[in-house]
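> predicted model and sequence below, questions to follow.
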Amino acid sequence: MLEGVSVRVSLIGLLLACATTAPTSKKRDWDIYSFHINSTVTSRYATTIITSRVANRIDASQEIQFHVKIPKNAFISKFIMTIEGQTYDGVVKEKEEAQRQYTQAVSHGQSAGIVSSVGRTLEEFKTSVNVAALSKVTFELTYEELLKRQLGKYELLIHARPMQPVADFKIDVHISEQHGINFLERKGGLSTKQLANAITKTQTPTEAWVNLYPSKEQQTQCDGCGEQGLDGDLVIAYDVQRKNSIGELKESEGYFVHYFAPSDLPRIPKNVVFIIDRSGSMSGRKMKQTREALLKILGDLAEDDHFGLITFDNFVSPWKNELLQANQINLHAAKSFAREIKDNGGTDINAAVLKGTDMLNRHPREGTASLLILLTDGDPTTGVTNLEKIHKNVKEAIDSKFPLYCLGFGMDVNFEFLEKMALENNGVGRRIYEESDAALQLQGFYEEVATPLLTDVQMVYLGGSNLTQTHFSQYYNGSEIVVAGQITDNNITEFTAEVIAISKSNKVKYSETTPSEEPIKASSDSNIQRLWAYLTVKQLLDKEVKSSGDEKDKVKKEALDLCLKYGFVTPLTSMVVTKPQGEDSQVVHKPKEGEKPIGRAL
Ligand SMILES: *[C@@H]1O[C@H](CO)[C@@H](O)[C@H](O)[C@H]1NC(C)=O
Ligand SMILES: *[C@@H]1O[C@H](CO)[C@@H](O)[C@H](O)[C@H]1NC(C)=O
Ligand SMILES: *[C@@H]1O[C@H](CO)[C@@H](O)[C@H](O)[C@H]1NC(C)=O
Ligand SMILES: *[C@@H]1O[C@H](CO)[C@@H](O)[C@H](O)[C@H]1NC(C)=O
């Protein structure tokens, strides 16, 4: 479900400057003799453990690196190094506190530095440690994430790049879904022909196992692999069975989670207005990709949809002053208009969004779902340019009547500004990466919101407390609404779940009094609480973006307390990795999406 999405966090690994510059020629001096990735997914909640065992082969101590990439949406929750039987545990602390410790280390004259890397779907974790002559070290990293349903499936992404062929290499994935697995497919560079006989897949109706055990030789032969061993992704895409419309309810140890994703409803006709930035900075490829995506999106509108098209630079130029029906004649004319969109001038975001809002407000909305989609690549430069004023104007104009989605094109946008504007208006902010597939990214985003099935969705839990978000302005086919919470006094007999929403033609109501017809397996027990914590933290981080003053501090404090309790590395916390005596501690950060690298080698 889009409202629940958070796509803005990323991570920085912090490491000693000398480690970053370690020459590659050193690599032969240490041997990764074992590399395991173990991912366990229970009801969409994935816990992945990466274990790397490394031997120092030379007769002198040396710095050994551990460098992996993990999904952006995940929170690191554990990191342990074991050297000569001694374990060193990472400890999650408040960011400022960790930073203070780190600064102290620097001021003591020890050399230290920060390296960050923010990719599209992955972020980096890097650390290094000094290992004595002919000794061994084990690195173990754990991260957790709730898999998000998008376009009808969940995707578990595992990135493997141990940096050398490994004698004992294993990826083990175990998925367990109580209501049954609908389909499961493997994708990604590690699922190609060359590795076909190294992969096995075993499936029962409710469980699946995928194991990738390539030989050392195979690790050098796959696509993108070479002398340095495996380098690629294994993606497991799957969906689950949905036996009843209210979805899946699970409870254990006083916590519950509810997955709601009906698909057997008629689509609700949309009123959609696209607001397209054509300022000078959009010139060239970005403008071309936008035209391309827009033409495709227009082609995908249904005949009973209504649409509007606004381009803006210094001036706001709507194609037509009101929404028109998406019939052949209008679409034909709109496409001709879209083909001619050219870049020019400044960026008046305020006026453009207000114009779009006005068009939607003037359009009758009974039995339809309205949405506003803004695409821009820069900061407001003309008209109202005060960011707070724009937020205020837009929020007042939209007045929670429909969601606003903000797509930030490229890395020059003020993503925080866009994201805040979207979150304040029941939408999400999304980054469009300035690469060759940008048109596909735009279409992909549109597809996610293309089929509204419900509006004004209210999730009601009697006997539930500390609930995550329970109101969603729209629900789209292929997505999922997830709500978690505590069961008051752990008294399940009093607990009921109900969903009230508006579908195409009428008000709908689903209810169920007892969670799940089937007994809950013991293996899933501790997960629901962690899932609740994960989702609560994600939503509090979003809430922090859109709140201010005392409210902001309160939300931040609440999120921080949970992060510390559950050991999550988030933009509010850092993990301090203590190392053997004589070495600096290291600090692992997770900055926000769009945040510039926060330092450099000193
Ligand atoms: C993966 O991790 C889980 C949880 O720690 C454990 O129960 C399971 O045995 C591990 N699987 C493998 C193949 O190591
Ligand atoms: C919603 O998606 C399902 C497949 O996941 C499809 O069978 C159904 O037709 C879709 N509903 C609409 C209204 O498009
Ligand atoms: C749940 O809510 C109650 C009352 O609102 C509060 O006292 C309690 O601390 C909350 N529990 C957690 C784990 O946040
Ligand atoms: C749960 O609530 C019911 C109804 O209020 C009550 O009869 C029962 O004793 C409660 N059970 C527990 C374990 O508190």
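Arrived safely, thanks for sending. Just so you know, these numbers come straight off a predicted model, no measurement behind them. Ligands and ions are numbered 1, 2, ... in the order given.
> domains in the protein, by residue range?
Split into domains by automatic domain parsing, the chain comes to 13-241+568-589, 248-265+453-517, 270-450.
> out of the ones you listed, nearest to ligand 4?
domain 248-265+453-517 (3.7 Å; CB to the nearest ligand atom). C-beta here means a position set from N, CA and C on the backbone, and glycine is covered the same way.
> I'd assumed Asp264 was in a helix, is it?
No - the assignment for Asp264, made by DSSP: H, G, I helix; E, B strand; the rest coil, is coil rather than a helix.
> beta-bridge partners for the residue lying closest to Asp172 once chain neighbours are set aside, please?
Counting by CB to CB, 6 or more residues apart in numbering, Asn38 is the residue found nearest to Asp172 once chain neighbours are left out, at 4.9 Å. Asn38 has the following beta-bridge partners by DSSP bridges: Ile49, Asp172.
> can I get stretch 242-254 in PDB? Just the C-alpha atoms.
In PDB, the C-alpha atoms belonging to stretch 242-254 read as follows (Å, rounded to 0.1, in the frame of the first residue of the first chain):
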ATOM      1  CA  ARG A 242      -6.100 -14.800   0.000                       C
ATOM      2  CA  LYS A 243      -8.900 -16.900   1.300                       C
ATOM      3  CA  ASN A 244     -11.300 -14.200   2.400                       C
ATOM      4  CA  SER A 245     -11.700 -10.600   1.700                       C
ATOM      5  CA  ILE A 246     -10.800  -9.300   5.100                       C
ATOM      6  CA  GLY A 247      -7.400 -10.800   4.500                       C
ATOM      7  CA  GLU A 248      -5.000 -12.400   6.900                       C
ATOM      8  CA  LEU A 249      -4.900 -11.800  10.600                       C
ATOM      9  CA  LYS A 250      -2.200 -13.200  12.800                       C
ATOM     10  CA  GLU A 251      -1.500 -12.900  16.500                       C
ATOM     11  CA  SER A 252       1.000 -14.000  18.900                       C
ATOM     12  CA  GLU A 253       2.200 -12.900  22.300                       C
ATOM     13  CA  GLY A 254      -0.100 -10.000  22.600                       C
END
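> give me the number of residues near the residue lying closest to Gln218 once chain neighbours are set aside?
Leaving aside its chain neighbours, Gln218 sits nearest to Ala198 (5.5 Å; criterion: CB to CB, 6+ apart). Ala198: 17 surrounding residues under other CB atoms under 10 Å.
> quick one: is the lengthiest helix in the chain near ligand 1?
Looking across the chain with DSSP state H, the single longest helix is helix 525-546. No - judged by CB under 6 Å from any ligand atom, helix 525-546 stays clear of ligand 1, getting no closer than 10.7 Å.
> who's in contact with the residue in the stretch 351-500 of the chain positioned nearest to ligand 2?
Across the stretch 351-500 of the chain, no residue is closer to ligand 2 than Asn477, which sits at 3.7 Å (CB to the nearest ligand atom). By CB atoms under 8 Å, 6 or more residues apart in numbering, Asn477 lies in contact with 152, 263, 265, 267, 451-453.
> in helices, which of the residues you listed fall?
Counting by DSSP H, the contacts of Asn477 contribute nothing to helices.
> so which residues of the stretch 101-250 of the chain form strands?
113-116, 122-131, 136-146, 154-160, 168-176, 181-187, 199-203, 207-212, 232-240, 248-252 (DSSP state E, counting those that start in this stretch).
> mind checking those strands for the one nearest to ligand 1?
strand 168-176 (3.9 Å).
> how about the domains of the chain in CSV, adding distance to Gln539 and mean pLDDT?
Formatted as CSV, these follow (distance: least, CB to CB, whole Å; pLDDT from 0 to 100):
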stretch, distance to Gln539, mean pLDDT
domain 13-241+568-589, 11, 84
domain 248-265+453-517, 6, 88
domain 270-450, 10, 93
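> can I get these in JSON lines including distance to ligand 4?
Shown next, in JSON lines, are the domains of the chain (distance: least, CB to the nearest ligand atom, whole Å):
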{"stretch": "domain 13-241+568-589", "distance to ligand 4": "24"}
{"stretch": "domain 248-265+453-517", "distance to ligand 4": "4"}
{"stretch": "domain 270-450", "distance to ligand 4": "36"}
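> Ile528: which of those is closest?
With CB to CB as the criterion, Ile528 lies closest to domain 248-265+453-517 of the domains of the chain, at 4.4 Å.
> against which helices or strands is the following helix or strand past the longest helix of the chain packed?
Under the assignment DSSP states H and E, the closest C-terminal helix or strand after helix 525-546 is helix 549-566. The contact analysis (3 or more CB pairs under 8 Å, 6 or more residues apart in numbering; DSSP states H and E) places helix 549-566 against strand 86-94, helix 525-546, strand 573-577.
> give me the contact list for helix 549-566.
77, 92-94, 530, 533-534, 536-537, 540-541, 543-544, 547, 568-570, 572-573.
> that older thread, and the helices and strands packed on helix 549-566: which comes nearest Lys401?
Nearest to Lys401, of these and by CB to CB, is helix 525-546 at 17.2 Å.
> now that closest one - C-alpha only, CSV.
Only the C-alpha atoms of helix 525-546 are listed here, as CSV (Å, rounded to 0.1, in the frame of the first residue of the first chain):
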residue,chain,number,x,y,z
ASP,A,525,6.1,-16.1,17.3
SER,A,526,8.6,-13.4,18.0
ASN,A,527,8.2,-11.9,14.6
ILE,A,528,4.9,-10.2,14.9
GLN,A,529,6.2,-8.0,17.7
ARG,A,530,9.3,-7.0,15.6
LEU,A,531,7.1,-6.5,12.6
TRP,A,532,4.9,-4.1,14.6
ALA,A,533,8.1,-2.3,15.8
TYR,A,534,9.4,-2.1,12.3
LEU,A,535,6.2,-0.7,10.8
THR,A,536,5.7,1.7,13.7
VAL,A,537,9.2,3.1,13.3
LYS,A,538,8.8,3.5,9.5
GLN,A,539,5.6,5.4,10.0
LEU,A,540,7.0,7.5,12.8
LEU,A,541,9.9,8.5,10.6
ASP,A,542,7.4,9.6,7.9
LYS,A,543,5.4,11.4,10.5
GLU,A,544,8.5,13.2,11.7
VAL,A,545,9.0,14.6,8.2
LYS,A,546,5.6,16.2,8.2
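> show me what that helix is packed up against.
Partner elements for helix 525-546 (3+ CB pairs under 8 Å, 6+ apart): strand 45-56, strand 136-146, strand 248-252, strand 255-260, helix 415-424, strand 481-487, helix 549-566.
> next, format the ones you listed as JSON lines and append mean neighbour count and distance to Glu494.
Formatted as JSON lines, those follow (neighbours: other CB atoms under 10 Å; distance: least, CB to CB, whole Å):
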{"stretch": "strand 45-56", "mean neighbour count": "21", "distance to Glu494": "25"}
{"stretch": "strand 136-146", "mean neighbour count": "21", "distance to Glu494": "26"}
{"stretch": "strand 248-252", "mean neighbour count": "21", "distance to Glu494": "12"}
{"stretch": "strand 255-260", "mean neighbour count": "24", "distance to Glu494": "12"}
{"stretch": "helix 415-424", "mean neighbour count": "22", "distance to Glu494": "33"}
{"stretch": "strand 481-487", "mean neighbour count": "24", "distance to Glu494": "8"}
{"stretch": "helix 549-566", "mean neighbour count": "15", "distance to Glu494": "25"}
